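In: just the structure for this:
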Amino acid sequence: MNLQITAHLSNSIAVYDDWSPQLEGLIVYQLLKEKGIASPNPTTEQVKVNMAVIADSIPFEQWQGIYKCSGPIYKYKTEQTDKFRKRWEPDGRVNWGKRKAKIDTSQGKEKSYDLPLFLRLTPRIDWFAVGDKTEIERLLKGVTGLGKKRSHGHGQVHLWEVKKIAEDWSLSKNGQLTKPIPANKYLDLGLIHPCDVVNWGYRPPVWLPENKTLCVMPRMVVQC
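Out: Residues are numbered from 1 along each chain as shown. Below is the predicted model:
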């Protein structure tokens, strides 16, 4: 079924980029929670096992191994750019014992980062998808916030709306790309004008190395 999925927001949303939040990622996390296997810091092997468990339950159709669910499409009125930083530093109370102190700040709880954070004011975000309407509605009932810094009150969702539409706009709309597509599959869509090419995670979880490749990126988020 061709669908338009809309999150009606109560306030601004905090995002890193123009292609988040990824709706299929939200759905995947809800399925993992239901199974009791969601983890804040899973290993690569845990992710592969968990994704195999829920693979048949993900309520989206696929095209060449890609879920038929667009990136976020919205217009925002204002934007405030901030920084989202984290740096692990020992506070003097760490007891290393006899082992040599070694901290990996590239992953896990001690991972450091310094990222731009965009606070954007928009009343709604739309996604287009092909999938099971009833199951998507059910899973989204448990999603009350989108984007980063939800604990600070950003990205609050006061209503989800899922409706049937006539056209399939999950991958493209009116000749415009609507979802990050691996560059080696882009020409199969029959689109003429390419957009930016970025190393991107096109399947959830987006950080898994196997899910990242050079992707042609859509330009559907605009400032009004």
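In: could you pull out the helices for the protein?
Out: Remark: helices assigned in the chain by DSSP state H are 23-35, 44-54, 133-140, 183-186.
In: alpha carbons of the shortest one, as PDB, please.
Out: To tie it back to what came earlier, the one meant is helix 183-186. C-alpha atoms of helix 183-186 as PDB (Å, rounded to 0.1, in the frame of the first residue of the first chain):
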ATOM      1  CA  ALA A 183      25.200   5.300  -6.400                       C
ATOM      2  CA  ASN A 184      25.400   1.900  -8.100                       C
ATOM      3  CA  LYS A 185      21.600   1.600  -8.100                       C
ATOM      4  CA  TYR A 186      20.600   5.200  -8.800                       C
END
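In: gap between it and the chain center?
Out: How far helix 183-186 lies from its chain's middle: 20 Å, per CA atoms, centre = their mean, to the nearest Å.
In: picking that back up, pick the most deeply packed of the helices of the chain.
Out: Among these, the stretch with the highest mean neighbour count (mean count of other CB atoms under 10 Å) is helix 23-35, at a mean of 19. C-beta coordinates here come from the backbone N, C-alpha and C atoms, glycine included.
In: any stretches of this structure with poor pLDDT?
Out: 83-114, 193-194, 224 (pLDDT under 70).
In: cutoff 50 now
Out: Within the chain, the segments meeting pLDDT under 50 span 105.
In: what sits against the closest residue to Val28 other than its chain neighbours?
Out: Excluding its sequence neighbours, the residue lying closest to Val28 (CB to CB, 6 or more residues apart in numbering) is Pro204, at 4.6 Å. Counting by CB atoms under 8 Å, 6 or more residues apart in numbering, Pro204 touches 22, 24-25, 28, 67, 211.
In: Trp127 versus Pro204, what's the distance?
Out: 14 Å (CB to CB, to the nearest Å).
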